[in-house]
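Novice: predicted model, plus sequence, below.
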Amino acid sequence: MTDRRRVIIPFLIIGIVIILTVLSLPFLISGQVAAIPVSYFFEQNIPNHKPHYENNAFSVMTLNLGHGRGTGMHQILQGRSGISRNADTVAGTIKREHVDITALQEVDGPGFWNGGLDLIEHLAESSGCPHGIWTKNVETAALSYGTAILSDFPYAHAESYTFKARPFILPKGFTIGIFKVSENPEQHVCVVSVHLGPFLPAMRRVQARIMIEYLKEVNYPIVIAGDFNCGVNARSALNLICGELNLKAWKPGANNLGTHFPGNRRLDWILISDELEFLDYRVIEERLSDHSAVRAVIRYPHD
């Protein structure tokens, strides 16, 4: 690294922090945990497309997209073309892995740091997913991003929720979709893409309890996929969610399923209702952001 770059990069990072602080001001003084309208429904017309239903099983993938920065330091350094290429790589993974439902976090609409690229729409089109739900958990004059679900299956219902912001912490939230997952018209699952807060365990537990209260009213098997920013210790938000909603994780004590870099911590999970069954579960080795994607094959119980 040249001396000039050593000088410029710290100032650039400081500038980014200042910009983000200013942009976050609307959330530092207000914000409630509440249902909000779904920000974007995506319905792509693909001729002769039919959902792929097979033996009561379906696949789910989760990925914190990191605003499309790929393995770069920050998305503002990638430019529109770089973020577009990174999104195409993610779309290629969705197609290669034959994913039916993809839960995404930190996925953007048009914003100043991606050159106005509508990242969620670009990703949906590039991956060939005909159905999508996207929530603006963060929306300012210059930024819009949040949680999303892309799907090969049609959805029957969608809801959006944003957690209350805290000082200097932009809000997170979750997106809910009810999907028909087999040719049996009665077989639906509730899929949730969630992003919990990154810093304070107590905040994550509060967010978890809020999500639990909404999901307790769901009358379908549940799949929660996303960036929980925690593991399975006794007081974690993840344990709280599993206990209150009767969900289970794949090999919760395994030490070879790390998803976050650096450190290889297991922050990204797919949780399923007790009546559902894991047929397969793995971390995809390909680096798509500072998080690895997780893919699971899940079986819906036979009648």
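Specialist: Noted; the coordinates are in hand. Numbering: from 1, shown residues only.
Novice: how about the closest residue to Ile212 other than its chain neighbours, secondary structure?
Specialist: Among residues not flanking Ile212 along the chain, Glu244 sits closest, at 4.7 Å (CB to CB, 6 or more residues apart in numbering). No exception for glycine: its C-beta is placed from N, CA and C like everyone else's. The three-state label given to Glu244 by DSSP: H, G, I helix; E, B strand; the rest coil is helix.
Novice: pLDDT score for Ile36?
Specialist: On pLDDT, Ile36 comes in at 65.
Novice: OK, contacts around Lys216?
Specialist: Counting by CB atoms under 8 Å, 6 or more residues apart in numbering, Lys216 touches 244-245.
Novice: what stretches of the stretch 1-150 of the chain score poorly on pLDDT?
Specialist: Low-confidence segments of the stretch 1-150 of the chain, defined by pLDDT under 70: 1-7, 11, 17-37, 40, 42, 44-45, 47-48, 70-73, 75-79, 111-116.
Novice: show me where it has helices.
Specialist: For the stretch 1-150 of the chain, the helices defined by DSSP state H, counting those that start in this stretch cover 3-23, 25-28, 79-96, 119-127.
Novice: the closest residue to Leu119 other than its chain neighbours: neighbour count?
Specialist: Distances taken as CB to CB, 6+ apart place Asp108 nearest to Leu119, at 4.3 Å, with adjacent residues excluded. When neighbours are counted by other CB atoms under 10 Å, Asp108 registers 27.
Novice: could you tell me how far Asp108 is located from Met61?
Specialist: With the distance defined as CB to CB, to the nearest Å, Asp108 ends up 19 Å from Met61.
Novice: ok, now Val283?
Specialist: In terms of CB to CB, Val283 sits 11 Å off from Met61.
Novice: do the same with Leu288
Specialist: 10 Å.
Novice: what residues are shared contacts of these two?
Specialist: Common neighbours of Leu288 and Met61, counting by CB under 8 Å, 6+ apart, are Thr93.
Novice: and stretch 60-72, what's buried?
Specialist: By neighbour count on 16 or more other CB atoms under 10 Å, the buried set for stretch 60-72 is 60-70, 72.
Novice: repeat that for stretch 278-294.
Specialist: Along stretch 278-294, these residues count as buried under the neighbour rule (16+ other CB under 10 Å): 281, 283-284, 288-294.
Novice: please save the CA atoms from that stretch in CSV.
Specialist: This file holds the C-alpha atoms of stretch 278-294, laid out as CSV (Å, rounded to 0.1, in the frame of the first residue of the first chain):
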residue,chain,number,x,y,z
PHE,A,278,-34.2,-30.8,7.8
LEU,A,279,-33.1,-33.0,4.9
ASP,A,280,-29.9,-31.1,4.3
TYR,A,281,-28.1,-28.1,5.7
ARG,A,282,-24.8,-26.5,4.7
VAL,A,283,-22.8,-23.3,4.6
ILE,A,284,-21.9,-22.4,1.0
GLU,A,285,-18.2,-21.9,0.8
GLU,A,286,-18.2,-19.2,-1.9
ARG,A,287,-17.6,-15.7,-0.4
LEU,A,288,-20.5,-13.5,-1.4
SER,A,289,-20.1,-10.7,1.2
ASP,A,290,-18.7,-10.6,4.8
HIS,A,291,-21.3,-13.4,5.4
SER,A,292,-21.5,-16.8,3.9
ALA,A,293,-24.9,-18.0,2.6
VAL,A,294,-26.6,-20.9,4.3
